[in-house]
Structures are given as structure tokens and as C-alpha cells.
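# here is a sequence with its predicted model. Questions after.
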Amino acid sequence: MNSTALERFLRYAAIDTQSDPRSATQPSTGKQKDLGRLLVEELLALGLDDTHMDEHGNVYATVPANTGKRVPVICFCSHVDTAPDFSGAGVKPQIVRGYKGGDIRLKGDPGQVIRVRDNPELADQIGNDIVTSDGTTLLGADDKAGVAEIVAAAQILVENPGIRHGTVKLLFTTDEEIGRGVDKVDLKKLGADFAYTMDGSTAGTIETETFSADRVDIAITGVAMHPGFAKGKMENAIRIAAAIVDRLPKNAAPETTEGKQGFLHPTDISGAMEKARISLIVRDFDDAGLVDKETMLETIVRDVMKDYPGSSYTFKVTEQYRNMKAVLDRNPEIVEYAMEAVRRAGMEPVLGSIRGGTDGSRLSHMGLPCPNIFTGGHAFHSPLEWVSRQDMEKAVATIVELVKIWEERA
């Protein structure tokens, strides 16, 4: 079946959809709706007549069933926003056709090089077409590759009625990169029994486990004083915040951990003499480990504050998402069917864990079990991001095979 994934991805990647954690609105940036409106237009053109975008930028659509069987309603979900970590404006996708091996130097910034030593997956891409940015922005494969793959698969289902399937729901969310992806999703309106996020990486990989995640906000109130008369009186909130960050354990940071190890990670620090704020994210695959790290963090804060008797602090923990493994373990067929779909698409499935989270983490604990399927993208959240056309087409084939399997086994 011909796939339109690459053409769609190039179109979507050029639209700036960065989310903004400092915004209180949903979506956090209005420009995310620019891609949402394009998706509505394209899906309506495919004949998916119920396609619409809600006030929060979420796009809903349905591929109607074409079988007489009672098949569970499944949903495929991706997010339209790109990460705030690096610029997503003015993306200029580049295509290395028939990749011959070796490092890839990016044209817009020759200092940016996708190196084989850092990307061992490139060894499997000889002869494939590699899509990159020009090195001055993100590419946006996270997760516009997933968006393009879902729409391309929907087109195949619409244009090939001989592929029997039940009702297939499509969902495109906003603000996933800042932890709000499904805050405003209407599950009753969606009407799905199970779901799959298309938001993974290496071809063939199905992820069934994520971090559990919290955000911690620490607000410090110091003692302001004219610096010329400050001896024995001033308690500088900036220094207090710096002392807290300095005491964070070096062996529990993102840059020093791997595999199933969790971490404490300061993401923002700001302030003045009187008031300062620290924001951190806390991650662990085990909920008890999450609590342990938060307890350790507050102990550090209390110990630092002992040296500043005139100052005070607040410590606020906000739940972001939880490990989806417990939910998926109760619904094994969801993962089993995905593994079979990967095999039918010509790959050997690999079950993995995410040192991060997806919309599927939240959806699973909201009552919609939702593992994560590969998109073929790599080096997310950096200007060295890349994806191959062939891996995107494997993802499209996996979606098509998956809906066929659900229909066959209904």
C-alpha cells in the first residue's frame, strides 16, 4: 500500500507548534491549533465526516467500521506540540536520500553533526532516506512523525475497503511535552475501549512501561536588606536556592542515570534577593521510589533552611503521570496484538520501557489502556533529531495490521 507519511510529515514539521510551560491556557500556545486546523481539513477531505477540533486544540476523528463483527473500538493518538527545549520555529526539513553511512552534517549549522557513535541505529538505515532539520531548530519528529503515520494509515483504510476493521478513533492532542496532553480530552466523546500512542522511537519497539512522574515547586522567601547594611541581617533567597540545588545528589541526575534508575532534575530557577523559586521534575519507575526522592528533596531543603532562620519556604508536589505497566498487565491482549502487528509488518517486536512518559501514561490511568508504538524518530528534543522514511512506513504498516488483527480476533 502506498503511504503518504513522508509528504505529510514534511508539511506538518514546517508548522511551529511549540508548547509553553509558563502559559496557563490549554493549549498553552495558540499556534498548536494551526496544525490542528490543517489536520481537520485533511481528515474531512478523506471523508471522515465527524472530524473536529475542540476549544483546547484536541482533534477527534473516526474511521467507521466496515465489518459486521462487534470489534472493540481502538484509538490511535499522537501529540501535535513540540518540546520547549529548543526552537521549533522555521523548521526546514532536509532529506538525505539513500543514506550511505557515516556522520550527517547539518546544512544550516555545520557545527551540528548527527554522529554514528551517538546514533548506533544509523547502522540499520543504509540505503534509506533520512529526514533531519537544518540544525538550527528541532525537526519535530516527536511527535509529528506519529501524527503523519496515523493520518497516512487512515487514508489507506479509507481507500482500501477490502481491509476489514472495526471502528477506529483518531486523537491528536496538544501540550503533551509539558505534561498536559490529555487534561482536556473527553474520553466519553472519544468512545474508545483501548488506545495506542504513536510516540516511540526505534522501529519494532513497543513500550509498555514509563516513569512515574511528579513536579516539585519550591518557593523561598528570604530577608531583603540594603547590601551596605546587610551584615548579620540579609538572607538572600537566590543564595538559598543555589545552596539547595548544589546539594542535590549527583548520582540521581538525568545525566548520571540510565535504565530503571530514577532522578531529581531542576528545570527552572529564578528569583531576587527576597524571593526565589526552584522547579524540579522527579522520576522513578516505582511510585515508592518517587516518594523516597521527594522526601529526600524536602530533607535537603529543611537542612539548608536551618542556616537561614529568618527565611521560609513552601514545597508543592504536583502529580504529572504514573507508570502505565500495572494497567497494561491487566489487559495483555492489547500488547500481544501490537507485537503480532509488528511481526506482520516485517520486524521482530521489542518490548521496552520509556525513561519519560507519553499521553498513554495518563490515558491508561484514566481508564483507557494505552501502550506506546514506535514512530522511527531519534534524538528527540534536540537539533540532531532524525527519522527515516522507511521506518515511518513500517509504523503505518503496523497500524494497518493492528486494526486487521482486532477485527480478525473479534
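Done, it's in.
# please make it C-alpha for all contacts and neighbour counts, starting now.
Will do.
# how close does the residue nearest the centre of the chain sit to N372?
The centroid of the chain falls nearest to T358 when counting by Cα atoms, centre = their mean (4.8 Å). For T358, the distance to N372 equals 8 Å [Cα to Cα, to the nearest Å].
# coming back round to it: give me phi/psi at the residue nearest to the centre of the chain?
phi -130, psi 170 (degrees, to the nearest 10).
# re earlier: need the residues touching each of T358 and N372.
T197, D199 (Cα atoms under 8 Å, 6 or more residues apart in numbering).
# quick one on the thing from earlier: could you verify my assumption that the residue nearest to the centre of the chain touches D199?
Yes - counting by Cα atoms under 8 Å, D199 is a contact partner of T358 at 7.2 Å.
# which residues are common contacts for the two?
With Cα under 8 Å, 6+ apart as the test, T358 and D199 both reach N372.
# helices along this protein, start to end?
5-13, 32-45, 141-159, 187-190, 237-246, 287-305, 325-329, 332-344, 359-365, 389-408 (DSSP state H).
# closest one to G262 among those?
Nearest of the helices of the chain to G262, taken as Cα to Cα: helix 287-305 at 7.8 Å.
# next, the angle helix 237-246 makes with the closest one.
140 degrees (axes from the mean of the first three to the mean of the last three Cα atoms, to 10 degrees).
# for Q18, give me its contacts.
So Q18 contacts T29, K31, Q32, D81, T82, A83, P84, S87, G88, A89 (Cα under 8 Å, 6+ apart).
# for the residues you listed, give me a markdown table that also has neighbour count and pLDDT.
Converted to a markdown table, the contacts of Q18 look like this (neighbours: other Cα atoms under 10 Å; pLDDT from 0 to 100):
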| residue | neighbour count | pLDDT |
| --- | --- | --- |
| T29 | 20 | 97 |
| K31 | 16 | 98 |
| Q32 | 26 | 98 |
| D81 | 32 | 97 |
| T82 | 30 | 97 |
| A83 | 23 | 95 |
| P84 | 16 | 93 |
| S87 | 19 | 93 |
| G88 | 27 | 93 |
| A89 | 16 | 95 |
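# between those, which is closest to A219?
Distances from A219 to the contacts of Q18, taken by Cα to Cα, are shortest for P84, at 22.8 Å.
# show me where pLDDT drops low in the protein?
Where the chain drops to pLDDT under 70, the residues are 1.
# and with 90 instead?
Residue ranges of the chain with pLDDT under 90: 1-3, 21-22, 85, 179, 320-321, 326, 354, 356-358.
# closest one to C75 among the helices of the chain?
Nearest of the helices of the chain (Cα to Cα): helix 187-190, 8.3 Å.
# does Q94 touch G135 like I think?
No - assessed by Cα under 8 Å, Q94 is found out of contact with G135, at 9.5 Å.
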